[in-house]
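A.B. asks: missing the sequence, but the structure's below:
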Ligand code: DX5
Ligand code: ZN
């Protein structure tokens with residue numbers, strides 16, 4: 001499975017989103033962080049802005065919902081055309097029903113775990129989703145440092161995916177850069193979100209390519 005790079009536009013210029021989406025056109029997905037100031041202590045953008053981003057983005061959207069009540073909100077992001085919609089396991093009331101609804105609407109269904117949430121209680125949900133997002137920082141802000149202690153969780157998740165013979169993507173988000181991506185790939189991740197590392201680079205397409213090459217060279 002080749003590595004997929006999903007730059008986070010949280011580190012883009014929010015007054016120049018169309019221009020900044022163009023800068024990551026060589027990536028696989030554009031990662032869109034939706035925060036509601038309840039599930040996390042930060043506020044970003046909501047459905048109307050994501051709908052416009054969807055209309056102008058050169059690449060598919062990977063929407064990461066850091067919000068309460070995703071059971072109500074997540075399907076609406078699929079309805080506006082997001083290719084992948086990820087809700088937090090801690091916030092969902094009925095994750096299996098929600099995942100099935102997202103798939104019915106034509107999106108890939110993702111489920112995210114905060115750093116302190118173990119994967120084990122969700123092993124029986126993995127067959128219902130397309131992607132498991134293992135947060136490698138506390139959600140809410142860009143530019144934080146990678147939590148090394150998440151590597152065993154990535155390994156355990158990858159092992160469970162193998163045991164169940166699933167075609168499930170494992171995404172990591174937070175603190176991913178050229179100095180951390182190899183270890184996350186070795187542990188078993190195959191989709192890599194990077195905000196500050198990509199948008200902070202002088203040559204953004206070169207940074208995307210470098211991250212992809214490093215991840216592919218250290219694939220599980
Ligand atoms: C944090 C967000 C991330 C963030 C990552 O809660 O979910 O997507 O943009 O930023 P970096 O790559 O700078 O850690
Ligand atoms: Zn994110």
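C.D. replies: Sure, I can see it. Since the structure is predicted, the reported quantities are computational estimates derived from the model, not experimental observations. Ligands and ions are numbered 1, 2, ... in the order given.

A.B. asks: quick one: low-confidence parts of this protein?
C.D. replies: By pLDDT under 70, the chain has no low-scoring segment.

A.B. asks: what residues does it put near ligand 2?
C.D. replies: For the chain, the residues found near ligand 2 under the criterion C-beta under 5 Å from the ion are 33, 64, 173. In this view, the C-beta of every residue, glycine as well, is placed from N, C-alpha and C.

A.B. asks: Can you lay out those as JSON lines showing neighbour count?
C.D. replies: Below are the residues of the chain next to ligand 2 laid out as JSON lines (neighbours: other C-beta atoms under 10 Å):
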{"residue": "33", "neighbour count": "24"}
{"residue": "64", "neighbour count": "27"}
{"residue": "173", "neighbour count": "26"}
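
A.B. asks: and which of those is nearest to residue 141?
C.D. replies: residue 33 (9.6 Å; C-beta to C-beta).

A.B. asks: what residues are up against the nearest residue to the closest one once chain neighbours are set aside?
C.D. replies: Setting aside the residues directly before and after it, residue 33 is nearest to residue 10 in space (C-beta to C-beta, 6 or more residues apart in numbering), at 4.5 Å. By C-beta atoms under 8 Å, 6 or more residues apart in numbering, the contact set of residue 10 is 31, 33, 44, 142, 195.

A.B. asks: Kindly report the same for residue 13.
C.D. replies: Residues near residue 13 by C-beta under 8 Å, 6+ apart: 19-20.

A.B. asks: residues near residue 163, how many?
C.D. replies: Number of residues near residue 163 (other C-beta atoms under 10 Å) recorded here: 10.

A.B. asks: quick one: it and residue 156, what's the gap?
C.D. replies: Separation of residue 163 from residue 156 (C-beta to C-beta, to the nearest Å) stands at 10 Å.

A.B. asks: coming back round to it: okay, the contacts of residue 10 in TSV with secondary structure and distance to residue 101 next?
C.D. replies: Below are the contacts of residue 10 laid out as TSV (DSSP: H, G, I helix; E, B strand; the rest coil; distance: C-beta to C-beta, whole Å):
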residue	secondary structure	distance to residue 101
31	strand	22
33	strand	21
44	coil	23
142	coil	29
195	coil	28
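
A.B. asks: All the strands of the chain, in order from the start?
C.D. replies: Ranges of strands within the chain are 4-7, 30-35, 61-66, 84-88, 108-113, 131-135, 169-173, 191-194, based on DSSP state E.
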